[in-house]
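Trainee: got a sequence here, can you build the structure:
(chains A and B)
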Amino acid sequence: NAGVTQTPKFQVLKTGQSMTLQCAQDMNHNSMYWYRQDPGMGLRLIYYSASEGTTDKGEVPNGYNVSRLNKREFSLRLESAAPSQTSVYFCASQTGENEKLFFGSGTQLSVL
Amino acid sequence: QKEVEQNSGPLSVPEGAIASLNCTYSDRGSQSFFWYRQYSGKSPELIMSIYSNGDKEDGRFTAQLNKASQYVSLLIRDSQPSDSATYLCAVSVDSWGKFQFGAGTQVVVTP
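Mentor: Residues are numbered from 1 along each chain as shown, chains lettered A, B, ... in the order given. Now for the predicted structure:
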């Protein structure tokens, strides 16, 4: 059982480049999330998807877009990367309302 | 701005002692509370969940919740070097189930 799978694990971009972070879960969860983690700031919610076909903004959505392709997949896109987007990104899925989160292994992104 | 506050640490604990971690939150409507452990370079993993006032024990871990004081804590008994990690407090911020995370408390267990 793979759980939540994120790709890539590491990525280096130049300012202005674009990229998509991929996330897939095989637990049949309805809810999926994208967080970023910066030193001293904990995890901050970028976007979430309560169910297939729906997405909504979290705490720090600027500079990002998301797509809930189907129930399994939830991707995060950086259209024009900026150094401020250097961070570790985690995808997560949730069993149900107010239930625990299952995290992917993370993507370490550096924007030069 | 709804906030979740934790002491950043590091909290240095002798092996075999009790580690006590604290978390305060600002949203009185929060209903779900979680403690995650995160090793350096790894993703968070769930340690404890608690939904009602009082204590909840699971092995060497005890979570304590006091909604009136907006306070949740985690006790780690008989601390081991493998408990050295950052512990994240997560609090639900709406009825649907999104969470806000504290910045985490780093725990260092010394032999």
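Trainee: pLDDT (mean, whole number) over the strand or helix carrying B:Ala63?
Mentor: Element membership for B:Ala63 (DSSP states H and E) is strand B:61-66. Computed over strand B:61-66, the mean pLDDT rounds to 97.
Trainee: what lies in contact with that strand?
Mentor: B:33, B:35, B:47-56, B:71-77 (Cβ atoms under 8 Å, 6 or more residues apart in numbering or on different chains). Backbone N, C-alpha and C define where each C-beta goes, glycine included.
Trainee: list the neighbouring strands of that strand plus their orientation.
Mentor: strand B:54-58 (antiparallel), strand B:71-76 (antiparallel) (DSSP bridges).
Trainee: where does chain B dip in pLDDT?
Mentor: B:1-2, B:95-97 (pLDDT under 70).
Trainee: can you list the residues of it near chain A?
Mentor: B:4, B:8, B:31-32, B:34, B:42-46, B:49, B:51, B:88, B:90, B:92, B:95-104 (Cβ under 8 Å from any Cβ of the partner chain).
Trainee: quick one, strands of chain B?
Mentor: B:4-6, B:11-14, B:19-25, B:33-38, B:45-50, B:54-58, B:61-66, B:71-76, B:85-92, B:99-101, B:105-110 (DSSP state E).
Trainee: scratch that, chain A
Mentor: Counting by DSSP E, the strands of chain A are A:4-7, A:10-13, A:19-25, A:31-38, A:42-49, A:56-57, A:64-68, A:74-78, A:87-94, A:101-103, A:107-111.
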